[in-house]
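Q: this one's sequence-less:
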């Protein structure tokens, strides 16, 4: 990809055969510097929209509509012939932007994969077949005789995921189960002796796995190129744009406490009661009650408290005060203190770990004995009502919250709770437990931070 | 080192328990059960099957074939736990002698096995400088960890780390369900089940294909096995939705879980014998009219003449009848019977252990520091015969050794102890078939490569 300054040259599109580009290699296109940035921002809007949709737990068909709407809204181009180019250029620009750290790569990889998945579903069966051929997958359709021998099981699987029974001429591919992890995870395929029987309407999973693994490798390579040559070569031109782009949309990560620099142990109960979101209140109360939390709960609450401004020494004292009642202080020092220091980047890899976002918490899978996760998603209705009642959410607000929960808008449910508890609106919505905390503190102690008055919460 | 590694994804607090000592129900030996270093010295010196462990971990790469990867074993992480909670992580060994000498010298209370890394883990710091993360796990058995302490809400005989013959069958059921699926569904063949020494079982899936799974693929398998959707705060712990069950769940239910629930667990744990117990089951049924009708019946006949033994079976039949009778059109209610059975019997895996390559898991044939019991393999074919209360303890083994007197040929002393049959089982049923297929795999990979290079030459 060649980047030129403001001097438009028409480029050919006729040679793009399929309806979806697979982004195998950077195109030999020339791009104007303005487009370089503008296209990337447009695509970023799409990816961010997908990320929000996923964290609201939208169903596949809702996601499909969302992706299609986002794409239409952002990725159009005044010249129809430039559609595909904009698609390809913006993808490769964002590759540069998001190749630079593990976290950025991870985010970009999941969003691009989700985007590809839904776009694949939206194209015609004809185009799907063309794409399937392009991936050059070595799998053959299951023979008629074999189909007959497993027909009953295939029928069971189809019914278990609410699909109609396979007809006699249904096409199934037999692939190693490793190729379709998401179908295995959801028990959406019949497995026999290491093979998964993938129905024609499920090949999207096969294709997506390929897409993802290719992109994942490519991102690592891009990162190498970026650090070894591009960053230096382009330091006058592209590097500033690239560096600005990655921060412009992801929002703050709350790894460092910001406005409210410190919170001390003696205030913590009071602060928990007034300003913790339900997920953290619940963990906090359980910890006080049981003097123990399992791993997932310790991580979720521990990193949140760090983000809130609990200093390492205070954190150690806080956890010790609880855990030692159950396991004794000696065992605490030996077995738990390490992981708290670890969270603060004082042990092991010495990474300063970031508090969990709503998206991460909502998508966690708490099991027996666990208390972490998002209450709006993981509590039963009864337990959730009881918990909200305890927070002082009134009847009418409660019904609004439950309504959001039923539609799986967990973050909106949390936002409504925030508004009910604080008697004040929160237009930005809740995206992060630490944001809930700092927004709450701003309302409760407005004088502390006059600079932020302009914000809506 | 991430926190998960330290934690092994489990709750350290529960690993060795925090309950008062002396609750062990299993001690009857003359050699006191404690865990002193001298006992371990003898155990590692005379009984521990060093060479079997080494051969296993080498996966055929210790052979002479030109395709053997000589660096393989040296990239495997071993971790030792010494007295006073000293952890020695990232140990590695290039030969059986290195490994055996190190174990004999350090006498670890516990040996954990980690992944095979891209480079020798003892040299990881040298590689860390280079920026790119070259020190990374590349291979690891697919492992499962099931603990009886995760079943506390469905057993009334014991709690926490305690186990008795009444609740142990929950583990047997877990072995059967998982083992069958690993073989029939996923096509794995080289599977080792091990008693964890106290409160559960470990499973090692050792096929080449299993060892090379990515984290994502491991997570997919763990999710395939997952039916528990709720945490402590949602009522329904098992959710079986959809108009039909997946063939894997159908098989588990009809071949294992249903009969176990009705014949063993129901009478054994007396699941309907008190109001508190049956209320827990009624909670799973979402239909108020049904639960209140059943509740009414059961509260009424509390003083009736039904014998204590029959009451569980009778009430279960009543419940099933209510839910499955023709009146109940709603699919969800009919499914409730299955949901109850799954809630009470389906294996509860510690998911985190299975999902990531870099979790440590205790090696077979370690001695559990609290119980003194050896972590012996369990034969899945006859797992219902396995009795955790009769697993040899360190002190019992030492007694058996002492009784035999000293002999000059110090090799294979385990043969005369009750550890003998466990070591033999490990060798014959697990290690030999495994090494045979490793050898075949190495040879065929070599031949394929040879073929490839020939082709490119002729071109």
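A: Great, that's in hand. It should be emphasised that the depicted structure is a prediction, and the values quoted were computed from it without experimental measurement. Numbers count the residues shown, from 1 in each chain, chains lettered A, B, ... in the order given.
Q: quickly list the domain ranges of chain A.
A: Here the domain parsing of chain A from automatic domain parsing is A:2-133+A:210-249, A:136-207, A:265-454.
Q: what about the longest one, distance to the chain center?
A: Once both centres are worked out by C-alpha atoms, centre = their mean, to the nearest Å, domain A:265-454 turns out to sit 19 Å from its chain's centre.
Q: try the second one
A: When distances are taken as C-alpha atoms, centre = their mean, domain A:136-207 is centred 28 Å away from the chain's centroid.
Q: so that domain, near chain B or not?
A: Yes: in terms of C-beta under 8 Å from any C-beta of the partner chain, part of domain A:136-207 sits within range of chain B, namely A:153, A:156-157, A:159-162, A:177-178, A:181-182, A:184-187, A:190-195. C-beta here means a position set from N, CA and C on the backbone, and glycine is covered the same way.
Q: from those, which land in helices?
A: Using DSSP state H, A:153, A:156, A:157, A:159, A:160, A:181, A:182, A:184, A:185 are the members of the residues of domain A:136-207 next to chain B that sit in helices.
Q: which element is residue 401 on?
A: I went with chain A, as the question did not name one. Under the criterion DSSP states H and E, the helix or strand holding residue A:401 is helix A:395-406.
Q: can you look at chain B instead?
A: Per DSSP H and E: residue B:401 is located in helix B:394-403.
Q: can you pull out the helices in the stretch 51-200 of chain A?
A: In order along the chain, the stretch 51-200 of chain A carries the following helices (DSSP state H, counting those that start in this stretch): A:60-74, A:83-98, A:102-122, A:125-135, A:144-160, A:181-185.
Q: worst average pLDDT in these?
A: If the helices of the stretch 51-200 of chain A are sorted by mean pLDDT, helix A:125-135 sits at the bottom with a mean of 83.
Q: now the angle from that one to helix A:102-122?
A: Angular relation of helix A:125-135 and helix A:102-122 on a 0 to 180 degree scale: 140 degrees, by axes from the mean of the first three to the mean of the last three C-alpha atoms, to 10 degrees.
Q: report the buried residues of helix A:125-135.
A: Of the residues in helix A:125-135, those with enough neighbours to count as buried (16 or more other C-beta atoms under 10 Å in any protein chain shown) are A:128, A:131, A:132.
Q: which one of those residues sits closest to residue B:337?
A: Minimum separation from residue B:337 among those (C-beta to C-beta) is found for residue A:128, which lies at 41.1 Å.
Q: list the buried residues in the helix holding residue A:401.
A: A:397, A:398, A:400, A:401, A:402, A:404, A:405.
Q: got a markdown table for those, with distance to residue B:270 and pLDDT too?
A: Formatted as a markdown table, the entries for these read as follows, by distance: C-beta to C-beta, whole Å; pLDDT from 0 to 100:
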| residue | distance to residue B:270 | pLDDT |
| --- | --- | --- |
| A:397 | 45 | 91 |
| A:398 | 39 | 93 |
| A:400 | 45 | 91 |
| A:401 | 41 | 93 |
| A:402 | 38 | 93 |
| A:404 | 43 | 89 |
| A:405 | 37 | 90 |
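Q: check the secondary structure at the closest residue to chain A within chain B for me.
A: Ranking the residues of chain B by distance to chain A (C-beta to the nearest C-beta) places residue B:187 first, at 2.7 Å. Using DSSP: H, G, I helix; E, B strand; the rest coil as the criterion, the local structure at residue B:187 reads coil.
Q: so which elements touch the strand or helix carrying residue A:307?
A: Using DSSP H and E, residue A:307 falls within helix A:295-308. For helix A:295-308, the helices and strands in contact under the criterion 3 or more C-beta pairs under 8 Å, 6 or more residues apart in numbering or on different chains; DSSP states H and E are helix A:278-290, helix A:312-327, helix A:337-343, helix A:433-444, helix B:3-7.
Q: try it again at 6 Å.
A: Here helix A:295-308 is seen to pack against helix A:278-290, helix A:433-444 when contacts are counted using 3 or more C-beta pairs under 6 Å, 6 or more residues apart in numbering or on different chains; DSSP states H and E.
Q: what's the average pLDDT for that helix?
A: With pLDDT averaged residue by residue, helix A:295-308 scores 91.
Q: same deal with stretch A:368-384?
A: Computed over stretch A:368-384, the mean pLDDT rounds to 89.
Q: touching chain B at all, it?
A: Yes: contact check for stretch A:368-384 against chain B, using C-beta under 6 Å from any C-beta of the partner chain: residues in range are A:368, A:370, A:371, A:373, A:378, A:379, A:380, A:383.
Q: point me to the residue of the stretch 151-300 of chain A nearest chain B.
A: residue A:194 (2.7 Å).
Q: skipping adjacent residues, who's closest to residue A:142 in space?
A: If you skip the residues right next to it in sequence, residue A:142 has residue A:172 as its closest partner in space, 4.4 Å away by C-beta to C-beta, 6 or more residues apart in numbering or on different chains.
Q: isn't the one you found up against residue A:140?
A: No: the pair formed by residue A:172 and residue A:140 falls short of the contact definition of C-beta atoms under 6 Å, at 10.3 Å.
Q: looking at these two, which one has more neighbours?
A: Regarding residue A:172 and residue A:140, a neighbour count based on other C-beta atoms under 10 Å in any protein chain shown identifies residue A:172 as having more, with 23 against 9.
Q: and the more buried one, bridged to which residues?
A: Counting by DSSP bridges, residue A:172 is bridged to residue A:199.
Q: quick one: contacts for the closest residue in space to residue B:103 that isn't next to it in sequence?
A: In space, and not counting its chain neighbours, residue B:103 is closest to residue B:44: 5.4 Å by C-beta to C-beta, 6+ apart. Taking C-beta atoms under 6 Å, 6 or more residues apart in numbering or on different chains as the definition of contact, the neighbours of residue B:44 are B:103, B:104, B:107.
Q: ditto for residue A:83
A: By C-beta under 6 Å, 6+ apart, the contact list for residue A:83 reads residue A:77.
Q: same check on residue A:278?
A: With contacts taken as C-beta under 6 Å, 6+ apart, residue A:278 has the following neighbours: residue A:375.
Q: and the pLDDT for the spatially most central residue of chain B?
A: Note on chain B: the residue nearest the mean C-alpha position is residue B:202, at 2.0 Å, using C-alpha atoms, centre = their mean. With respect to pLDDT, residue B:202 scores 98.
Q: how about the helices in the stretch 151-300 of chain B?
A: Secondary structure of the stretch 151-300 of chain B by DSSP H, counting those that start in this stretch: the helices cover B:169-180, B:208-211, B:215-224, B:247-252, B:258-259, B:266-268, B:275-282, B:288-300.
Q: those helices: which one's closest to residue A:239?
A: Of all the helices of the stretch 151-300 of chain B, it is helix B:215-224 that lies closest to residue A:239, at 32.5 Å by C-beta to C-beta.
Q: so what does that closest one touch, helix or strand wise?
A: Secondary elements touching helix B:215-224 (3+ C-beta pairs under 6 Å, 6+ apart): helix A:181-185, helix B:351-355.
Q: pick the most deeply packed of those helices.
A: Counting by mean count of other C-beta atoms under 10 Å in any protein chain shown, helix A:181-185 has the highest mean neighbour count of those, with a mean of 22.
Q: quick check: closest non-adjacent residue to residue B:216.
A: Take residue B:216 and drop its neighbours on the chain: the residue closest to it by C-beta to C-beta, 6+ apart is residue A:181, 5.3 Å away.
Q: hmm, residue B:218 and that neighbour touching each other?
A: No: using C-beta under 6 Å, residue A:181 and residue B:218 do not qualify as a contacting pair, with a distance of 9.0 Å.
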